[in-house]
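Participant: model the following, please.
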Amino acid sequence: MAIDPHGGMSFAHQFANEGIPTYVIRFDNPNDNEATRDMTGEEFTEDLVAATSTIKQKHGRSVALQTVCQGAYLSLLAMCTGWLHDSVDAFTQIVPPNGQTVDPILQESLQRIPASDRGQLPKMNPFPASASTLSMQLNNLQNPVSNVIGAVNAAKKGPMSTSAAAMGVWLESHAIRSMPREMVQLTLEGAMKAVTPEGVLPQTLFGQELSLEMMREKIRWGIFAGGNDLVVNKKSAVLPEVIFKDNPLPNLTVVVDEKAGHVSFLTGYTTKIGQQKNPHNPLELHKKWEREEHEQREAEEAALVE
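Facilitator: Below you'll find the predicted structure:
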């Protein structure tokens with residue numbers, strides 16, 4: 001996520017500001033795009049393969065795929081097909097709902113809602129409620145960011161930081177969005193049926209079984225969870241570590257910040273990599289902005305002199 005470019009403190013910037021080529025894979029809103037609305041899990045996987053393969057070909061190195069929330073869960077399904085292993089060598093999940101059947105708040109919410117009422121999404125055909133939209137609506141997305149909302153409202157009466165403004169726009173426009181109907185079904189399967197003790201997921205893609213064992217050898221896998229996350233329960237996020245507690249995945253790293261809420265990891269350098277900075281690296285994004293701003297000031301001063 002890169003909600004505030006010039007703030008330089010979003011999740012994406014912790015890499016871009018180190019000079020690491022950083023790309024955002026963006027999917028159109030399914031409410032407005034028929035192709036996205038009808039996208040299947042297989043097509044989602046193929047799109048990830050195409051994007052990461054293109055980036056690898058351009059830079060000559062495998063890709064670290066960074067994923068967030070529901071995108072992190074769907075990307076895990078894609079990773080477990082093995083299709084991405086030629087282009088991706090590191091996989092990071094931020095607040096992922098990996099084990100929705102062990103999320104007590106979500107399961108309680110699902111039980112309270114009649115099946116006939118699960119899923120009237122705006123401007124879309126009715127379809128079953130997804131764990132994504134349900135968890136966001138019923139697990140109180142507003143709670144982790146209520147202070148931000150209050151700050152944004154207060155700031156409207158006076159000066160507002162760019163970060164507060166960006167967060168306000170995100171909350172109003174993008175925080176809860178409908179999902180492609182086939183993605184909803186994949187997510188719902190994960191909410192209704194548990195991952196097996198052997199790590200086999202309830203979904204299939206390309207007609208094949210999906211197993212977390214696919215992540216054992218080649219892929220470096222990081223999971224970041226918040227102890228104060230009221231959208232994705234930390235038990236859900238860290239389920240892969242629990243499943244393999246007797247036979248740990250050697251490349252899996254789990255980080256739980258007990259004070260973090262759902263958006264904490266997205267707005268700071270909490271998962272920052274690479275402490276050694278190269279002051280002369282031309283790829284460092286924040287240095288590029290500094291140079292551009294300096295050049296603009298020099299041009300303005302020269303114009304005034306003339």
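
Participant: check for me that residue 14 belongs to a helix.
Facilitator: Yes. Applying DSSP: H, G, I helix; E, B strand; the rest coil, one finds residue 14 inside a helix.

Participant: ok, it to residue 38 distance?
Facilitator: Here the criterion is C-beta to C-beta, to the nearest Å. By it, residue 14 lies 35 Å from residue 38. Heads up, the C-betas are built off the backbone N, CA and C, glycines and all.

Participant: of the two, which one has the most company?
Facilitator: Ranked by neighbour count (other C-beta atoms under 10 Å), residue 14 and residue 38 place residue 14 first, with 20 against 12.

Participant: can you verify residue 203 is assigned to a helix?
Facilitator: No. Note on residue 203: no helix contains this position according to three-state DSSP, which reports strand.

Participant: that one against residue 186, yeah?
Facilitator: Yes. Using C-beta atoms under 8 Å, residue 203 is in contact with residue 186, at 5.2 Å.

Participant: any residues in contact with both of the two?
Facilitator: Common neighbours of residue 203 and residue 186 (criterion: C-beta atoms under 8 Å, 6 or more residues apart in numbering): 41, 77.

Participant: start and end of stretch 29-38, how far apart?
Facilitator: Chord length of stretch 29-38, first to last residue, is 11 Å (C-alpha to C-alpha, to the nearest Å).

Participant: buried residues, it. List them.
Facilitator: Burial within stretch 29-38, assessed by neighbour count using 16 or more other C-beta atoms under 10 Å, is assigned to 30, 36-37.

Participant: which of those sits closest to residue 61?
Facilitator: residue 36 (29.1 Å; C-beta to C-beta).

Participant: which ones are touching the closest one?
Facilitator: So residue 36 contacts 27-30, 180 (C-beta under 8 Å, 6+ apart).

Participant: can you flag which of those belong to strands?
Facilitator: In strands, judged by DSSP state E, none of the contacts of residue 36 are found.

Participant: outside of the host helix or strand of residue 72, which residues touch it?
Facilitator: Using DSSP states H and E, residue 72 maps to helix 69-79. Counting by C-beta under 8 Å, 6+ apart, helix 69-79 makes contact with 41, 44-45, 48, 65, 67, 84-85, 88, 91, 93-98, 130-132, 179, 183, 186-187, 190, 201, 203, 205, 210, 214-215, 219, 231-232, 262, all of which sit outside it.

Participant: can you give the strand pairings for the helix or strand following it, parallel or anti for each?
Facilitator: Sequence-wise, the next helix or strand downstream of helix 69-79 (DSSP H and E) is strand 88-94. Strand pairing for strand 88-94, using DSSP bridges, gives strand 63-68 (parallel), strand 220-226 (parallel).

Participant: follow-up on the earlier one: neighbour count for residue 203 and residue 186, which is higher?
Facilitator: Each of residue 203 and residue 186 has its neighbours counted (other C-beta under 10 Å); residue 186 has more, 23 against 18.

Participant: can you give me the distance of that one to residue 180?
Facilitator: In terms of C-beta to C-beta, residue 186 sits 9 Å off from residue 180.

Participant: out of the buried residues of stretch 29-38, which is nearest to residue 302?
Facilitator: Nearest to residue 302, judged by C-beta to C-beta, of the buried residues of stretch 29-38 is residue 36 at 47.5 Å.
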